[in-house]
Each structure stands twice: as C-alpha cells, then as structure tokens.
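Student: sequence and predicted structure are below.
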Amino acid sequence: MDRRAFLASGAALGSAALAGCGILATEPSSTGIPPVLEDRPDGVYIPTHVEGMEMIGTAEEGDYAFALMYSYAHRFWNVNGTSTQFTEIDDGDAVHLMASVWDPETGTVLPETGLSIEVSRDGDVVSQEVIYPMLSQPMGFHYGANFGLDDGAEGTYTVDLSVGGMSTRRTGGFQGTFGDPATATIDFEYSESEKNDISYEERDDAGERGALEPMSMEMVPDSTAPAEGELPGTVLGSGRSNDAVLLTTLLDSPPAGVDGDGQYLAVSARSRYNEMIVPAMGLSGTLARGGESVFEGELRRTLDSELGYHYGATVENVQSGDELTLSVTTPAQTARHEGYETAFGGSGRETPDVTIDVEL
C-alpha cells in the first residue's frame with residue numbers, strides 16, 4: 001500500500017487492517033500509522049507495518065566505513081538499564097536517519113563505536129545529537145534517530161557522522177583498530193515527494209510470532225552473526241533467553257589480546273529468526289561440576305576477527321558432564337524498532353537463564 005494513500009484514508013483503515021489478528025490495539029496514532037499493539041508477545045513478533053528506506057550515501061574515514069540511509073520518522077523504544085522508554089514521533093520530525101558503521105576490510109559491523117550526527121544547511125547547523133544504537137528486524141544492528149530538517153524545507157543538507165572509537169575489547173586481527181575517532185561527511189538531497197515514494201505496507205499478521213525478512217543492501221554489510229559451522233572451537237550448544245539465542249563455543253586457547261591462560265568460552269548472541277547480533281548485554285556464566293562451581297564470572301563484550309562480536313572469558317579445564325549456566329545480567333542496551341521492544345529483556349520482560357550440558 002502507498003503510504004500517501006494510507007495517510008489520506010486516516011487511522012480507521014489501520015484499525016480495520018488489525019481487526020482479524022486477535023490482538024488489541026491502543027488508540028489510533030496521530031501520525032496515521034497503526035497504533036501500537038497491546039498484549040504483545042514476550043519476544044520477537046511481526047510489527048504492525050513495514051517501511052522501506054533509501055540510501056543517501058557511503059564514505060570511508062580512518063578505520064571505518066559509513067553508510068547513511070533515511071525513511072519516514074519512526075516510533076521506537078529506548079532501553080536504559082532495565083527500563084524501556086517509548087519514543088513517539090514528534091510533529092517536527094521529518095525523517096528517521098539510519099547509519100551503519102563497519103570495517104571496510106572484512107565487512108564486520110561495529111556495534112559500539114558511539115555515533116553522533118550533525119545536520120547542516122548552507123553552513124548553519126539544523127540539528128545535532130548522539131544517536132541511538134538500534135535493533136530492527138530488517139536492518140539488524142544500526143544507529144538511528146528522528147530528525148527535523150529546517151522546518152521540512154527541501155534541498156541539500158550536509159550530514160557529518162562522527163564516531164568516538166570503540167571501548168569494547170578487540171582481539172585477534174582487530175587488536176589496535178577502531179580506537180581513534182573519525183568523522184565522515186555525506187550530502188543529503190531531501191525531497192518530500194521522494195520520501196513519500198518510499199514503500200509502506202501494513203501487516204495483517206501483526207502480533208504473530210516471527211520476524212520480517214532482513215533487507216539486502218549491496219553497498220552495506222548486515223549484522224548477521226557467524227553461522228554455527230563458521231565458529232572456531234567446539235560448539236557446546238545453545239539456548240534462548242527472551243528470544244536472544246546464546247550460541248556457545250569453547251576454544252583451546254584465548255584469542256590474541258585476551259589476558260589469561262586456559263580455554264576460552266565464547267557466547268555469540270543473536271536474534272531468533274534472523275540471527276542478527278544482539279550486542280551491549282551484561283552476561284555472566286557459571287560452570288558447575290558435581291554440584292560445585294569451577295568458574296563463575298562475567299563474559300566480557302568482545303569483538304574478534306574470527307568469532308565476531310561475542311561475550312567471552314577464560315576458563316580452566318572444561319570437562320564433559322559439566323553444566324554451564326548463562327545469565328543475562330543487563331538487557332541489551334540498544335533502542336528497538338517495533339517487533340523487538342519486547343525481546344532481549346526489553347519492556348521489562350524476563351530473561352531466563354540458559355543451561356547447557358557440556359559434552360566434549
């Protein structure tokens with residue numbers, strides 16, 4: 001459905017489209033998009049609608065490659081600690097700007113660089129802010145926020161994207177990289193009519209368990225986690241905690257850049273259905289043998305050239321028969337597009353422990 005036709009028809013059409021799905025909705029949205037569903041599942045679900053996006057441009061600067069995209073202004077949920085805050089669309093929001101940052105050599109998406117955007121027009125700053133790390137079903141991990149554009153005026157805008165460098169531990173081939181700040185500049189030619197041509201579709205399966213298909217962007221890598229068969233080491237197993245899949249592998253020795261000796265326990269967290277990375281969680285592990293704890297501690301957020309983004313720690317002498325328990329201590333500290341806000345510990349949902357029986 002064309003979004004302009006939808007907006008002209010009003011919110012009643014959105015309510016009618018949801019009538020057959022068996023999920024109650026809140027009052028119609030003033031923005032003309034379907035209202036937020038009530039009684040949403042505890043986990044990933046199909047959102048009320050899906051919007052396309054347009055590429056603005058790409059650039060490289062320092063260790064980083066950047067891409068800038070835009071779509072209609074979005075509602076989203078921001079996570080801060082254990083609390084979740086709903087962010088509505090403001091009257092002055094013209095677009096939702098989205099950015100991706102990655103390693104140009106390997107195509108690895110970088111989830112914890114911190115990213116700020118400054119939008120200017122004819123040399124004058126229109127808007128600037130540190131934008132949110134985000135998760136969405138079609139894009140996976142990215143950075144995004146709603147922006148006003150000089151009272152919606154059409155024309156050329158200049159967008160500066162600045163990263164501050166990663167504080168996340170980097171190991172393997174990523175040692176010594178992504179530590180310096182960098183700024184890339186991309187021009188944005190804004191047209192209201194071109195924005196309104198971006199695809200928009202309501203979903204009659206809104207609220208059902210499942211996820212939208214990932215987008216395919218030729219110029220931009222996605223944030224898909226390594227497949228089980230691609231992980232180094234011995235895969236011990238996996239389990240789900242509020243639809244975060246915790247896939248665990250054991251290496252004979254730690255990657256270069258990890259302090260300590262012994263074996264290395266790595267947990268690759270990814271979303272159910274689309275297997276996109278779930279970053280910025282607090283994760284701990286307990287390894288028990290015969291009812292006694294032989295390891296208990298934090299699994300540190302790490303970016304490795306072979307394991308990808310993961311949570312890891314050194315351990316001693318893991319044996320068959322051991323019981324590994326993984327506990328999410330802090331939900332993923334990322335904002336969520338609709339369909340993900342009740343997953344990965346969002347919206348106050350429980351994150352059950354995951355237990356894996358070790359067989360080597």
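Tutor: Everything's here; your move.

Student: how about the strands in the stretch 101-250 of the chain?
Tutor: For the stretch 101-250 of the chain, the strands defined by DSSP state E, counting those that start in this stretch cover 115-121, 124-130, 132-136, 140-147, 155-163, 169-171, 182-190, 200-202, 234-241, 244-251.

Student: next: the stretch 251-360 of the chain.
Tutor: Under DSSP E, counting those that start in this stretch, the stretch 251-360 of the chain gives strands at 263-271, 282-289, 292-304, 308-315, 323-330, 335-336, 354-357.

Student: run through who's touching the shortest one.
Tutor: Going back to what we said before, that points to strand 335-336. 76-79, 84, 87, 132-136, 144, 343-344, 346 (Cβ atoms under 8 Å, 6 or more residues apart in numbering). C-beta: built from backbone N, CA, C; applies to glycine.

Student: quick one: contacts for residue 256?
Tutor: Contacts of residue 256 by Cβ under 8 Å, 6+ apart are 171-172, 175.

Student: for this protein, which element, helix or strand, carries the lowest mean pLDDT?
Tutor: helix 11-18 (a mean of 27; mean pLDDT, DSSP states H and E).

Student: any low-confidence regions in this protein?
Tutor: 1-31 (pLDDT under 70).

Student: got the domain boundaries for it?
Tutor: What automatic domain parsing lists as the domains of the chain is 47-201, 228-357.

Student: out of these, nearest to residue 213?
Tutor: With Cβ to Cβ as the measure, domain 47-201 is the member of the domains of the chain nearest residue 213 (7.0 Å).

Student: how about residue 319, nearest residue that isn't a chain neighbour?
Tutor: residue 289 (6.6 Å; Cβ to Cβ, 6 or more residues apart in numbering).

Student: my read is that residue 222 contacts residue 270, right?
Tutor: No - counting by Cβ atoms under 8 Å, residue 270 is not a contact partner of residue 222; they are 11.8 Å apart.

Student: quick check: neighbours shared by these two?
Tutor: What both residue 222 and residue 270 touch, as defined by Cβ under 8 Å, 6+ apart, is the set residue 276.

Student: more crowded one of those two?
Tutor: For residue 222 versus residue 270, neighbours defined as other Cβ atoms under 10 Å are more numerous around residue 270 (24 against 20).

Student: and the nearest residue in space to residue 254 that is not next to it in sequence, bridged to which residues?
Tutor: Counting by Cβ to Cβ, 6+ apart, residue 254 lies nearest to residue 264, which is 4.1 Å off, once chain neighbours are set aside. Taking DSSP bridges as the rule, residue 264 bridges to residue 251, residue 314.

Student: number of residues surrounding the closest residue to residue 352 other than its chain neighbours?
Tutor: The shortest distance from residue 352 to any non-neighbouring residue, by Cβ to Cβ, 6+ apart, is to residue 241 (5.4 Å). A total of 25 residues lie near residue 241 under the criterion other Cβ under 10 Å.

Student: ok, back up a step: can you redo the domains of the chain as TSV with distance to residue 35?
Tutor: Converted to TSV, these look like this (distance: least, Cβ to Cβ, whole Å):
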stretch	distance to residue 35
domain 47-201	8
domain 228-357	11
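
Student: for residue 33, which of those is the nearest?
Tutor: domain 47-201 (6.0 Å).

Student: ok, back up a step: burial count for the residue nearest to residue 254?
Tutor: The number of residues near residue 264, taken as other Cβ under 10 Å, comes to 24.

Student: ok, residue 39 next?
Tutor: Residue 39: 9 neighbours (other Cβ under 10 Å).

Student: measure it to residue 339 for me?
Tutor: 14 Å (Cβ to Cβ, to the nearest Å).

Student: for the strands of the stretch 101-250 of the chain, which one sits closest to residue 302?
Tutor: Of all these, strand 169-171 comes closest under Cβ to Cβ, at 4.6 Å.

Student: partner strands of that closest one, with direction?
Tutor: strand 292-304 (parallel).

Student: ok, residue 108 - contacts?
Tutor: 102, 174, 221, 303, 305, 308-309.

Student: may I see those residues arranged in a markdown table, with distance to residue 201 and neighbour count as well?
Tutor: What follows is those, written out as a markdown table (distance: Cβ to Cβ, whole Å; neighbours: other Cβ atoms under 10 Å):
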| residue | distance to residue 201 | neighbour count |
| --- | --- | --- |
| 102 | 28 | 20 |
| 174 | 38 | 25 |
| 221 | 25 | 17 |
| 303 | 35 | 25 |
| 305 | 38 | 19 |
| 308 | 32 | 22 |
| 309 | 31 | 25 |
